[in-house]
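Enquirer: Using only what follows, build the 3D model:
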Amino acid sequence: MPKRRSTLPPGHRRDIEKYCDDILDGKVVVGKLERAAIERYRRDLDQGGRRGFYLDWDDANRSIDFIQCLKHSTGEFDGCPFLLSPFQKFIVANIFGWKSFDDGFRRFREAFISMGRGNGKSPFMAAISLRLAVLECEAKYQLQLAAVERGQAEIVWEEIWSQIESQPSFADRFKRFGGSKKTRSAKVIVDELLDGFIEPLGGEGRDGYNLLGFVADEIHAWRPEHDELWEKLNSSMSKRRQPLALIITTAGDDLSQLWLRVHKFSAQVATGVIDEDRHFSFICEIDEEDRKTCLFEEDLWRKGNPNLDISVKRAGLRLFANKAKYDAVVLNEFLRYHMNIRVRSVLKVINLALWDACQGPLPDLDGKAANFGLDLGWRNDLASFYGCWPLGNRRFAFRGWNWLPQLGGRDLTKSPWKAWIDDQHLTATPGDATNPEAINERVKFCRDKFGISSLALDPNNARISGLHFVNVMGINVQEFQQNAKNYNEPIREFLDGLKEGRFLFNDPILRWAADNLVLRTDAAGLVMPDKQSADEKIDPIVAALMAFARCLYTDVEAGPRIRTL
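Expert: Residues are numbered from 1 along each chain as shown. Okay, the predicted model is just below:
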């Protein structure tokens, strides 16, 4: 067990040692991996010399003092000195204080820092990057700030520039090129004293780097197509004496392959499973056993939020937690982005008890126009056509029709297919492929009986049908690309409406498909139906969601994102 300090030293070291003592004594609730980082630090103080390392407190203090001369630039702290919290002092002291007896250079060449949103990662990384640029005194240094999108990388870059502007002594040293904050042109900060530069990257990688360091931002969002950038960044620091890779992120999901690799390695370094003296690990996350209880026990929130009650407001987390008790999508977001723990990329979201509370006979809809959605599915499988009727007061009714080829591979003499066919919720069509004539006939029927305000369909699977509806039937057809951007808002509104009992259903196939529905979350946290991960068909609920989306968009038409074929 690492030793507790018997006496506390003065200055920044006092703050750091008290932070460590409070964690080891259980006065501060932390996750296992943050505690492991503290235990590793205390072991290194006692045993590091045997492995050739020592902690240079002069450089650690100098680094902390440098950062605290800077100022914040956003929110309630705008214009205030950048005073570091004890956990931030701990990180800075470790990264810049540990040295090698052999050459006097920094021990750590890589730092993995992970915590929930709102804990100040971006301005903190900006301050560390600026400290690296100014105090290393390396001529012609290069610092790259990398993210999936340039806009994300520019967040840290803009923070760096704001911190430069906050320090009058930098007025004649650094120059900004690439336009104002509102432009999207390439940007660069040039250090005219050392002929160095700091530049944001948006997923692209180039050869020829000779980096003093880089920031890899939000690597939970990096996908296989970013592996080349990752490799180039890491291989570009071999020519420097003491380069530094700063990796900052919140938690990923099972599709975040790079994050999974780096997080696993960093966790094993922190816990001593892997012995790697060049890698610094600081991971703040709730533990696996906290997944359910964290919604109800606020003391656990500190595990994923070391800046709780400073930059992370308890009232905001409380609102998220209350919503997450009843909403699977919000729960996924709460766990991932605020408790900083890995989640599944797909999740089941429909509560059938809420669905059944909305079951009932439909009102007379004759002559009442609706928005419709058409999902043709695969050529030998289920096709679905659903309408969404506004009933006033944000209430909606759903009615639909479904088709299945008789030779499509399903035994239509068995349950539930036979019952659905007998009750005319499902039509079995001849052959082994989707029958467009039957669908066209039903669309024409709905146009004449109810009125079709708009019809949403996926242009990739239904372009011929869409052209027929436009040119022959005169229907207002709207493209509905199958992506998370189009589905995210309608799905969230649909789940809210379900909880509030604002819907009316009378359709066993739609209920079955809703129970099958799983959602996929993309790197930006947007959700959409995931047909490949669903255990059974979800085409009916997908068509219903497309129709519902059109109801949401009808009064707020938004230019080119929804276009007529």
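Enquirer: any idea how far residue 524 is from residue 152?
Expert: Distance, residue 524 to residue 152, using CB to CB, to the nearest Å: 10 Å. Just so you know, the C-beta spots here come from the backbone N, C-alpha and C atoms, and that holds for glycine as well.
Enquirer: do the same with residue 474
Expert: 45 Å.
Enquirer: Sort out which residues of stretch 275-290 are buried, please.
Expert: Neighbour-count burial for stretch 275-290 flags 277, 279-287, 290 (criterion: 16 or more other CB atoms under 10 Å).
Enquirer: I'd like those residues laid out as a markdown table, including pLDDT.
Expert: Converted to a markdown table, the buried residues of stretch 275-290 look like this (pLDDT from 0 to 100):
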| residue | pLDDT |
| --- | --- |
| 277 | 96 |
| 279 | 97 |
| 280 | 98 |
| 281 | 98 |
| 282 | 98 |
| 283 | 98 |
| 284 | 98 |
| 285 | 98 |
| 286 | 97 |
| 287 | 97 |
| 290 | 95 |
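Enquirer: Among those, which lie within helices?
Expert: With helices defined by DSSP state H, no entry of the buried residues of stretch 275-290 lies inside them.
Enquirer: Would you reformat those residues as CSV and include distance to residue 361?
Expert: Below are the buried residues of stretch 275-290 laid out as CSV (distance: CB to CB, whole Å):
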residue, distance to residue 361
277, 71
279, 64
280, 64
281, 60
282, 59
283, 54
284, 53
285, 49
286, 46
287, 49
290, 45
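Enquirer: Nearest residue to residue 246 in space, please, no chain neighbours.
Expert: residue 215 (4.6 Å; CB to CB, 6 or more residues apart in numbering).
Enquirer: Could you pull up the residues touching that neighbour?
Expert: Counting by CB atoms under 8 Å, 6 or more residues apart in numbering, residue 215 makes contact with 125, 129, 143-146, 156, 246-248.
Enquirer: Look at it and tell me its secondary structure.
Expert: strand (DSSP: H, G, I helix; E, B strand; the rest coil).
Enquirer: what bridges to it?
Expert: Using DSSP bridges, the bridge partners assigned to residue 215 are residue 145, residue 246.
Enquirer: Looking at residue 474 and residue 152, which is more packed in?
Expert: Taking neighbours as other CB atoms under 10 Å, residue 474 and residue 152 compare with residue 152 leading, 19 against 10.
Enquirer: Now do the SS call for that one.
Expert: helix.
Enquirer: repeat for residue 63
Expert: Going by three-state DSSP: residue 63 is helix.
Enquirer: how many neighbours does the nearest residue to it once chain neighbours are set aside have?
Expert: Nearest non-adjacent residue to residue 63, counting by CB to CB, 6+ apart: residue 96, 4.1 Å away. Using other CB under 10 Å, residue 96 has 27 other residues around it.
Enquirer: pLDDT wise, what is residue 96 at?
Expert: Looking at residue 96, its pLDDT is 97.
Enquirer: Just to check, it is in contact with residue 60?
Expert: Yes. Here residue 96 reaches residue 60: they are 6.0 Å apart, a contact under CB atoms under 8 Å.
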